[in-house]
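> The following block contains a protein sequence and its predicted model.
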Amino acid sequence: MFEFKPDYEKAKQRIEAWWHCEVTDRAMTYIMFPKPDKEQAPVPKKEHATLRERWLDTEFIVERTLAHISNTVYYADAMPIAYPNLGPDIMAAFYGCELDFGESTSWSVPILHDWKPGSVRRIKLDLDGFYFKKILELTDALLEVGRGRFIVGYTDLHGAADTVAAFRDPQALNIDVLEHPEEVKKLCRRVTDGLLKVYDIFHEKLSAAGMPSTSWMQVIHDGGKFHIPSNDFSCMVSDRIMDELFIEDTVKECAHMDRNIYHLDGPQALRYLDRIMAIPNMQAIQWVPGAGRDYWRKSVDVYKRIQAAGKALVIYIPAKDLDDLFEHLRPEGVWVWLSGVSNKEDADAALKKIAKWTRRS
């Protein structure tokens, strides 16, 4: 189905089993490594006057994306996926925020300076705005180049809490949740409705082009809606504020979809794990421990909690640690994302171990 993933159908079966915390012939495994130098396509280079110009150069982005995917071996169940990316605050940009671009990410410029009714009413989803049209343009360009070759997903759509934090500035929103809780809650509900509207626009476009549903987290659902709910701002508020103001939006996002994997980011977010796993239609958890805490062994107890709750998970692990992993977790519902593999021989050796682990269970 896809030139850069000739075994797509077999890999898709393993991924679908993973969503259900099941396994087929072995646990779902992602391995990616570069093709040999003699098979590498040249990576386009171009001088841009500003970082903004580079980020918005559609032709350049698509050419570099194609080169990167062409130069990579997507082994085992890894999928060749590209998605339009202008940074994590793109949803806020759809409402009128300007974006400042850095080398590897972008930041929104706040536009909500107070909670006066007129100020809040001016926060509106603009489907005719520059950034929405740019993401459409990038999506169409990737589809044109990728059709029959690689998978195209939708852009990184952060949820209501993070989007409102982008409107307002996170530090200001920290005070707002205490001084203006009802205004915050109402705006979050409105933004969630906007997010689902935006999601459906891109889902329909990508589905019509024959694409499975996917985004920045490189897992797919073929035949339905896949989403990555998250709330990075939740690290900064109390459990009460989370429950009273924000959790309803995540519930609504998940209900709109067929498959969900929650992006749980940072040690301060871990206290929400149980309430996140209790949300209806939440199939999986991506636990991101944070810088300096990201060695998988430090999170074994977290992974066990996720498995005990009957949820799928993703674990990032060096191939050299596989034997240790097998002593702690069962293979059902584990997405093994391997690092430290640079060639087919090492990849096959790792897969043989993983298949043995699967049979052992």
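Done, it's in.
> any low-confidence regions in the stretch 151-300 of the chain?
The model of the stretch 151-300 of the chain has pLDDT under 70 over residues 291-294.
> other SSEs contacting the strand or helix carrying Asp301?
Here Asp301, judged by DSSP states H and E, is contained in helix 300-308. With contacts defined as 3 or more Cβ pairs under 8 Å, 6 or more residues apart in numbering; DSSP states H and E, the packing partners of helix 300-308 are helix 273-277, strand 284-288, strand 312-318, helix 322-328. C-beta: built from backbone N, CA, C; applies to glycine.
> What lies in contact with the third one?
This points to strand 312-318. Strand 312-318 is contacted by residues 18-21, 217, 219, 261, 283-287, 294, 296, 303, 306-307, 325, 329, 333-340 when judged by Cβ atoms under 8 Å, 6 or more residues apart in numbering.
> Filter those residues down to the buried ones, PyMOL style.
To isolate the buried subset of the contacts of strand 312-318 in PyMOL, counting by 16 or more other Cβ atoms under 10 Å, use the following:
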select buried, resi 18+19+21+217+219+261+283+284+285+286+287+296+303+306+307+325+329+333+334+335+336+337+338
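> Quick one: residues contacting Asn231.
Gly159, Ala161, Asp162, Met242, Phe246, Thr250, Ala269.
> Just the strands from this structure, written as ranges.
Using DSSP state E, the strands assigned to the chain run over residues 29-34, 72-76, 81-82, 98-101, 106-109, 151-152, 226-227, 259-265, 284-288, 312-318, 334-339.
> can you tell which of those strands is closest to Pro44?
strand 81-82 (14.7 Å; Cβ to Cβ).
> Which neighbouring elements make contact with that closest one?
strand 151-152.
> ok, the strand it packs on: who's next to it in the sheet?
Looking at strand 151-152 with DSSP bridges, its partner strands are strand 81-82 (parallel).
> Can you give the distance from the strand it pairs with to the centre of its chain?
With Cα atoms, centre = their mean, to the nearest Å as the basis, strand 81-82 stands 12 Å off its chain's centre.
> So what touches that strand?
Outside strand 81-82, the residues that touch it by Cβ under 8 Å, 6+ apart are Thr65, Ile69, Leu142, Gly146, Phe150, Ile151, Val152, Gly153, Thr214, Gln218, Ile220.
> who touches the helix holding Asp301?
By Cβ under 8 Å, 6+ apart, helix 300-308 touches 21, 270, 273-274, 277, 285, 287, 289, 296, 312-313, 315, 328-330, 332-334.
> With only the CA atoms kept, save it in PDB.
The C-alpha trace of helix 300-308 is given here as PDB (Å, rounded to 0.1, in the frame of the first residue of the first chain):
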ATOM      1  CA  VAL A 300       8.800   0.300  35.800                       C
ATOM      2  CA  ASP A 301       6.200   0.800  38.500                       C
ATOM      3  CA  VAL A 302       4.300   3.300  36.300                       C
ATOM      4  CA  TYR A 303       4.200   0.800  33.400                       C
ATOM      5  CA  LYS A 304       3.000  -1.900  35.700                       C
ATOM      6  CA  ARG A 305       0.200   0.400  36.900                       C
ATOM      7  CA  ILE A 306      -0.800   1.100  33.300                       C
ATOM      8  CA  GLN A 307      -0.800  -2.600  32.500                       C
ATOM      9  CA  ALA A 308      -2.800  -3.500  35.600                       C
END
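> angle of it against strand 259-265?
Angle, helix 300-308 to strand 259-265, by axes from the mean of the first three to the mean of the last three Cα atoms, to 10 degrees: 160 degrees.
> switch to numbering from 20
I'll keep to 20 as the first residue from here, and by that count the last item is helix 319-327.
> tell me the angle helix 319-327 makes with strand 353-358.
Using the same axes, to 10 degrees, helix 319-327 lies at 140 degrees relative to strand 353-358.
> and of the helices and strands packed on helix 319-327, who's closest to Leu215?
helix 292-296 (18.9 Å).
> rewinding a little: from the contacts of Asn250, which single one is nearest Glu78?
Asp181 (30.2 Å).
> quick one: contacts for the closest one?
Contacts of Asp181 (Cβ under 8 Å, 6+ apart): Pro107, Asp108, Met110, Ser249, Asn250, Asp251, Phe252.
> can I get those residues in JSON lines with distance to Pro55?
Output for the contacts of Asp181, formatted as JSON lines (distance: Cβ to Cβ, whole Å):
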{"residue": "Pro107", "distance to Pro55": "35"}
{"residue": "Asp108", "distance to Pro55": "39"}
{"residue": "Met110", "distance to Pro55": "40"}
{"residue": "Ser249", "distance to Pro55": "37"}
{"residue": "Asn250", "distance to Pro55": "43"}
{"residue": "Asp251", "distance to Pro55": "39"}
{"residue": "Phe252", "distance to Pro55": "44"}
